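# everything below, folded, please.
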Amino acid sequence: MPALPTKHYAAELQRQLRGLLGHEQIVTQAYGRHLLIKRLDDEDPTVVARLTELGRNRYGAAFRSHSGRWEPLPGAGSLDKMAQLVVTLLEPYLQPDN
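This is a model prediction of the structure:
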């Protein structure tokens, strides 16, 4: 996947997550075929989850556990659907620390 569309999808995901969560302490980053979801902390951003492109406008999600392993989340779907799923399942982890 070319870099420009991936960056576009990362920006769109960030906009959606910030709207759903009601705060600006979330950033996203394109990383290969993944869209990393990070919570902004006082020090460095913490990677909480990622979406992985499975096909055209179809993503799967995974949560980064405390051990650093990626644990898959149920379901797959469009960017919109997966943004809502990530917020529903991981909202406590996506809230700012302060």
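# going forward, measure contacts and count neighbours with C-alpha atoms only.
OK.
# quickly find the element holding residue 72.
Assessed by DSSP states H and E, residue 72 sits inside strand 70-77.
# contacting residues around that strand?
Applying C-alpha atoms under 8 Å, 6 or more residues apart in numbering, the contact partners of strand 70-77 are 57-65, 82.
# ditto for stretch 11-29
With C-alpha under 8 Å, 6+ apart as the contact definition, stretch 11-29 has outside contacts at 7, 10, 35-41, 79-80, 83-84, 87, 91, 94-96.
# now, these that are in helices?
Secondary structure defined by DSSP state H assigns 7, 10, 79-80, 83-84, 87 of those to helices.
# and the end-to-end length of stretch 58-71?
Start-to-end span of stretch 58-71 (C-alpha to C-alpha, to the nearest Å) is 18 Å.
# is residue 70 in a bridge, and if so with what?
Counting by DSSP bridges, residue 70 is bridged to residue 64.
# count of residues packed around it?
Residue 70 has 15 neighbours, counted by other C-alpha atoms under 10 Å.
# show the pLDDT at the most centrally placed residue in the chain.
Of all residues in the chain, the one closest to the mean position by C-alpha atoms, centre = their mean is residue 37, 3.3 Å from it. As predicted, residue 37 sits at a pLDDT of 98.
# quick check: closest non-adjacent residue to it.
residue 28 (4.7 Å; C-alpha to C-alpha, 6 or more residues apart in numbering).
# could you look up the SS state of the one you found?
At residue 28, secondary structure determined by DSSP: H, G, I helix; E, B strand; the rest coil is strand.
# just give me the neighbour total for it.
By other C-alpha under 10 Å, 22 other residues sit near residue 28.
# residue 74 too?
Neighbours of residue 74 under the rule other C-alpha under 10 Å: 12.
# right, I'll call it a day here.
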